[in-house]
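Visitor: My questions concern the predicted model and sequence given below.
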Amino acid sequence: MDRRIKNLPQKIWLLINQIDELKGQWIGGAKLNPQALGRLKRSVLITSTGASTRIEGAKLTDEDVEKLMRGLSMQKFKNRDKQEVKGYYELLDNVLNSWKHIHFSESTIKHFHKELLKYAEKDERHRGEYKKTENKVEMINEVGESIGILFDTAPTYLTPKAMQELVDWTREALLTGESHPLLIIANFLVEFLNIHPFQDGNGRLSRVLTNLLMLRTGYEYVAYVSHEKLIEDNKAEYYISLRQAQKTFRTDHETVLPWLEFFLNICLAQAQAALKLLSQENIEKLLSPKQLAVWKYLERVSEATPGEIAKSAKVARPTVSQALETLIRLKKVERVGQGRTTRYRKN
């Protein structure tokens with residue numbers, strides 16, 4: 001596996017240098033208060049859970065995920081979607097809050113798989129266990145249907161040995177520091193997905209492991225910008241880059257370059273988004289004067305109806321509604337209740 005990340009072109013090192021420069025700026029400039037960071041982390045949990053499960057065909061929007069995790073009734077969705085969302089949310093929550101105490105190992109990976117699928121009734125028999133029957137990687141479209149097999153995975157009988165070798169190599173490579181951690185993480189992911197060690201949940205698990213490995217190698221801003229959302233927004237390229245790299249494996253021209261370039265560009269976008277959180281550009285610069293009037297009023301009260309906001313902020317009712325939608329999208333305001341009793345409060 002080492003040979004895959006040797007003699008890389010200059011463009012790869014330029015990407016890595018850009019990411020690490022931004023990482024340094026984050027460490028040196030993270031002046032957001034703990035409450036703000038806590039809110040960001042909760043927002044990322046919702047966004048990441050929604051995105052990661054939708055990549056695999058689930059239908060819940062971010063708003064649906066938030067309602068589900070607040071215990072609101074979600075009758076219109078299949079149980080399977082709700083079960084997968086709950087498992088992902090709780091596992092990622094644990095990783096984002098406890099990563100300093102989670103060691104990377106085979107037993108951790110199996111435990112994560114068990115936690116990921118703990119609510120999924122159909123997966124009860126194989127939670128936390130490597131696959132017992134062969135599986136294939138399929139590409140899923142926007143409506144959750146398979147639109148073709150991307151590649152065959154490692155045979156069942158070879159999976160335990162392949163996983164042991166992969167985890168041992170990853171741990172050793174991170175420990176010795178002979179290669180850059182982003183190269184090691186990228187290679188782990190492409191090989192993990194090539195082995196596809198579990199019957200189901202491999203894609204979702206790979207994204208949780210991405211968060212863990214990046215946090216453990218010093219990229220602490222990943223807790224505040226969703227990696228999963230960036231993957232979802234570039235889903236076609238995600239599948240293509242994986243396939244282009246994996247079809248070279250076990251040949252005399254092995255390369256992870258297509259995947260590496262995709263992965264590092266996602267990491268760069270994530271780092272750039274993190275730095276924007278620290279910029280002096282505060283919310284006032286994002287809003288129009290009337291939107292700002294609505295926001296300033298909500299900062300002063302615990303919660304209010306649109307009518308109360310319109311009257312007190314001296315903003316027309318239709319403009320209040322538009323401003324509230326914008327503030328919800330910016331995750332500055334949340335909606336409480338439904339219908340005539342709907343109220344809004346600062347997030």
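Guide: Cool, the structure landed. Computed from a predicted structure; not experimentally measured.
Visitor: the strands in the stretch 201-347 of the chain, which residues?
Guide: Remark: strands assigned in the stretch 201-347 of the chain by DSSP state E, counting those that start in this stretch are 333-336, 343-346.
Visitor: Pick the most deeply packed of these.
Guide: Compared across those, strand 343-346 shows the largest average neighbour count, a mean of 18 (mean count of other CB atoms under 10 Å). Placement of C-beta: from N, CA and C, glycine included.
Visitor: Just the CA trace of that strand, in PDB.
Guide: Taking only C-alpha atoms (Å, rounded to 0.1, in the frame of the first residue of the first chain), the coordinates of strand 343-346 have been written out as PDB:
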ATOM      1  CA  ARG A 343     -43.200  30.600  16.900                       C
ATOM      2  CA  TYR A 344     -39.600  31.300  16.200                       C
ATOM      3  CA  ARG A 345     -36.500  31.700  18.400                       C
ATOM      4  CA  LYS A 346     -32.800  32.200  18.200                       C
END
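Visitor: That strand packs against which elements?
Guide: helix 289-300, strand 333-336 (3 or more CB pairs under 8 Å, 6 or more residues apart in numbering; DSSP states H and E).
Visitor: So which of these is nearest Thr61?
Guide: Of all the helices and strands packed on strand 343-346, strand 333-336 sits nearest to Thr61, with 13.6 Å by CB to CB.
Visitor: tell me what that closest one is packed against?
Guide: Looks like strand 333-336 contacts helix 317-329, strand 343-346 (3+ CB pairs under 8 Å, 6+ apart).
Visitor: and if we set it to 10 Å?
Guide: Contact here means 3 or more CB pairs under 10 Å, 6 or more residues apart in numbering; DSSP states H and E; on that basis strand 333-336 packs against helix 62-69, helix 289-300, helix 317-329, strand 343-346.
Visitor: just how off-centre is the last one within its chain?
Guide: Once both centres are worked out by CA atoms, centre = their mean, to the nearest Å, strand 343-346 turns out to sit 27 Å from its chain's centre.
Visitor: who wins for proximity to His126 among the helices and strands packed on strand 333-336?
Guide: Minimum separation from His126 across the helices and strands packed on strand 333-336 (CB to CB) falls at helix 62-69, 24.2 Å.
Visitor: mind listing what's buried in that closest one?
Guide: 62, 64-66, 68-69 (16 or more other CB atoms under 10 Å).
Visitor: Could you list the low-pLDDT ranges of the stretch 101-250 of the chain?
Guide: 137-152 (pLDDT under 70).
Visitor: how about the helices of it, start to end?
Guide: 106-116, 159-176, 181-195, 202-216, 227-233, 235-246 (DSSP state H, counting those that start in this stretch).
Visitor: can those go into JSON lines with extra columns for distance to Ala51 and mean neighbour count?
Guide: Below are the helices of the stretch 101-250 of the chain laid out as JSON lines (distance: least, CB to CB, whole Å; neighbours: other CB atoms under 10 Å):
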{"stretch": "helix 106-116", "distance to Ala51": "15", "mean neighbour count": "19"}
{"stretch": "helix 159-176", "distance to Ala51": "25", "mean neighbour count": "16"}
{"stretch": "helix 181-195", "distance to Ala51": "16", "mean neighbour count": "22"}
{"stretch": "helix 202-216", "distance to Ala51": "9", "mean neighbour count": "21"}
{"stretch": "helix 227-233", "distance to Ala51": "4", "mean neighbour count": "20"}
{"stretch": "helix 235-246", "distance to Ala51": "9", "mean neighbour count": "18"}
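Visitor: With distance to Leu14 added, can I get those helices in a markdown table?
Guide: Formatted as a markdown table, the helices of the stretch 101-250 of the chain follow (distance: least, CB to CB, whole Å):
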| stretch | distance to Leu14 |
| --- | --- |
| helix 106-116 | 32 |
| helix 159-176 | 22 |
| helix 181-195 | 13 |
| helix 202-216 | 19 |
| helix 227-233 | 19 |
| helix 235-246 | 18 |
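Visitor: that older thread, adding distance to Asn202 and mean pLDDT, write the strands of the stretch 201-347 of the chain out as a markdown table.
Guide: Formatted as a markdown table, these follow (distance: least, CB to CB, whole Å; pLDDT from 0 to 100):
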| stretch | distance to Asn202 | mean pLDDT |
| --- | --- | --- |
| strand 333-336 | 34 | 90 |
| strand 343-346 | 39 | 92 |
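Visitor: Next, format those strands as JSON lines and append distance to Leu116.
Guide: Below are the strands of the stretch 201-347 of the chain laid out as JSON lines (distance: least, CB to CB, whole Å):
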{"stretch": "strand 333-336", "distance to Leu116": "27"}
{"stretch": "strand 343-346", "distance to Leu116": "32"}
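Visitor: Can you check which of those gets nearest to Gln83?
Guide: strand 333-336 (24.9 Å).
Visitor: how far is the closest one from where the chain is centred?
Guide: For strand 333-336 - counting by CA atoms, centre = their mean - the centre lies 23 Å from the chain centre.
Visitor: Can you check which of the strands of the stretch 201-347 of the chain gets nearest to Tyr297?
Guide: strand 343-346 (9.9 Å).
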